[in-house]
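J.: Sharing a model that was predicted from the sequence below.
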Amino acid sequence: MSQRGKRWKSVKLDFNTLSTYDDEEYCHICLTPRQAAALLGYMRGMSWVTRWENLPVDFDLSAWVADIEDRLINMSCSCGNSSANTACLCRIENLLNIMISTDYPSPVIPPNDPGANVPGVDPTLPAEIAKRDAILCEVSQIIMSTIFDNMRQAVLAQCNGDNPLEEFGEFAQSAGSTSMNFYLAAAGISVAIGSAAFLPVLGAAALATGLFASAGAVLSWNPFGIGEQCADPGGVPEEILIAYSCQLYKELIITYNFETFRNALNTANSAAIAYYQGQGMTVGDATLLDEDQRNVISNYLAQGNLFQLFTITLGDIVEDPYIEPSECSNCIDCSDSSFPLQTLKFDDPMIISITPPRDLEDTSTQLGWSVFPDEVVFTFARPVCVNNFKFVLVRGATVSLPKNFIWFVGISSKNSSAGGFGDNSENEGFGFYGRELRLSAGDAGSAAATLRLQLPNASDGIVIRDVNPS
């Protein structure tokens, strides 16, 4: 068995031993804020399934850990010398560094092989690959919102007469909170669980270094419209946030490593330029502003510890079975006709693998399996929009199986009928984005059920749009 992604280990927890303790009666334990913070620092490791033995598959580990974190953060200290009405409220912002800088070893993340020691970053199973790709979009949005909020707080600090670098501790504590919760809600992730999953991207050291590298540009740029009254506008326009989040995501989904991360914004952002033109700027001014913006953001992305935290966060969320991602609809438009449709035959270079191996036909226009596979996976050289798949299902005159198919592209799926007896022409429409097209049989329970896929016509094949070429 491959040991990839599993060489980094720490303390193991045994669920069977833990389950011998009562979980109904509450214990009133007095902790000082310092003691609670110390315990809270160890909670992130507890949320990783790889740190457990005998963990039930249906146990919601993230929710359980988040509940403990909530109790440590919002302590009720009503014993000892404390008044019964006194609440020791340890604000989560003040525990930021505790939660992301713990005493247990951090994984070593090689710049060119970031998944080597972080489970979830470089999965092998098709469903996990699809989840990783979708989560990559959401974490790109989270990290970009954090960077913009960091800059917003810097501009506000200067406007109020403070030194943004000296006052960094103040605005780093709340960086990303509003935008983070917005994206968590959009992804259908509760803030209670999401905070435990996403907090590592708020790496104060990385943000401080990124701000220091571009402080002058940040303060003179002021994309937030903060005027002389120092009113807080609440964040950068959503269109700008999405434009740069998507630029980062589109690069990382092709090649995930530190070089790509730090160079992701090296080219002009057409969406940002178009937005500023819509605000009344000339093409030239909008292009120059976009260049300034990208230079500032790139100073943040050049920080190795920010990439490390991005990677750990990505891996944690992919490994969590209770977090389901959403489609990256803000970044990918599979109906964009500016990208031409392409029809792929089975031997097209864009299809780098077809599994399982064929033991009957295996040509550019016909594939055959003597035993119906549990799943057929077409893997593309890079993620593409799969618009439809037109083929002939050859099943023989007396076999009516399979009766229906289940299709998967990325994290999206659809069911379709496979017709009745004999051969059947299929033209399945999708419009989904992913690096794999997967085909499962809804009902193939017969030893006589073989699978043959044919492309007898010139228009037959897998029709794609290559909307994010490398």
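T.: Received, thanks. Residues are numbered from 1 along each chain as shown.
J.: Every contact and neighbour count from this point should use C-alpha atoms.
T.: Will do.
J.: Quick check: closest non-adjacent residue to Trp48.
T.: Asp316 (6.8 Å; Cα to Cα, 6 or more residues apart in numbering).
J.: What average pLDDT does the helix or strand containing the one you found get?
T.: Element membership of Asp316, judged by DSSP states H and E, is helix 304-319. Across helix 304-319, pLDDT averages out at 82.
J.: count of neighbours near the residue nearest to Trp48?
T.: Close neighbours of Asp316, defined as other Cα atoms under 10 Å, add up to 22.
J.: contacting residues around stretch 414-434?
T.: Stretch 414-434 is contacted by residues 130, 133, 332, 334-335, 383-412 when judged by Cα atoms under 8 Å, 6 or more residues apart in numbering.
J.: just to revisit the earlier point, state the next helix or strand along the chain beyond the helix holding Asp316.
T.: strand 341-344.
J.: Output the contacting helices and strands for the helix or strand following that following strand.
T.: Where DSSP H and E defines the elements, the next helix or strand beyond strand 341-344 is strand 351-355. Packed against strand 351-355, as judged by 3 or more Cα pairs under 8 Å, 6 or more residues apart in numbering; DSSP states H and E, are the following elements: strand 376-394.
J.: quick revisit: so which elements touch the helix holding Asp316?
T.: For helix 304-319, the elements it packs on are helix 126-159, helix 191-198, helix 204-213, helix 258-263, judged by 3+ Cα pairs under 8 Å, 6+ apart.
J.: circling back: any of the contacts of stretch 414-434 buried? List them.
T.: When the contacts of stretch 414-434 are checked for burial by 16 or more other Cα atoms under 10 Å, the buried set is 130, 133, 332, 334, 383-396, 399-411.
J.: which residues of the stretch 151-300 of the chain score low on pLDDT?
T.: 153-159, 161-229, 231-235 (pLDDT under 70).
J.: can you pull the contacts of the residue lying closest to Asn112 once chain neighbours are set aside?
T.: Spatial nearest neighbour of Asn112, chain neighbours left out: Asn257 (5.2 Å); criterion: Cα to Cα, 6+ apart. By Cα under 8 Å, 6+ apart, the contact set of Asn257 is 111-114.
J.: same check, this time on Leu289
T.: Leu289 neighbours (Cα under 8 Å, 6+ apart): Ile273.
J.: What residues sit buried inside the helix or strand containing it?
T.: Per DSSP H and E, Leu289 falls inside helix 283-301. Going by neighbour count (16+ other Cα under 10 Å), the buried part of helix 283-301 is 286-287, 289-291, 293-301.
J.: Those residues into TSV, with extra columns for distance to Ile352?
T.: As requested, the buried residues of helix 283-301 are exported to TSV (distance: Cα to Cα, whole Å):
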residue	distance to Ile352
Ala286	40
Thr287	38
Leu289	40
Asp290	36
Glu291	36
Gln293	37
Arg294	34
Asn295	36
Val296	38
Ile297	35
Ser298	33
Asn299	36
Tyr300	35
Leu301	31
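J.: Looking at these, which is nearest Ala441?
T.: Leu301 (43.9 Å; Cα to Cα).
J.: Next one: that closest one from Ile135, what distance?
T.: Distance of Leu301 to Ile135, computed by Cα to Cα, to the nearest Å: 18 Å.
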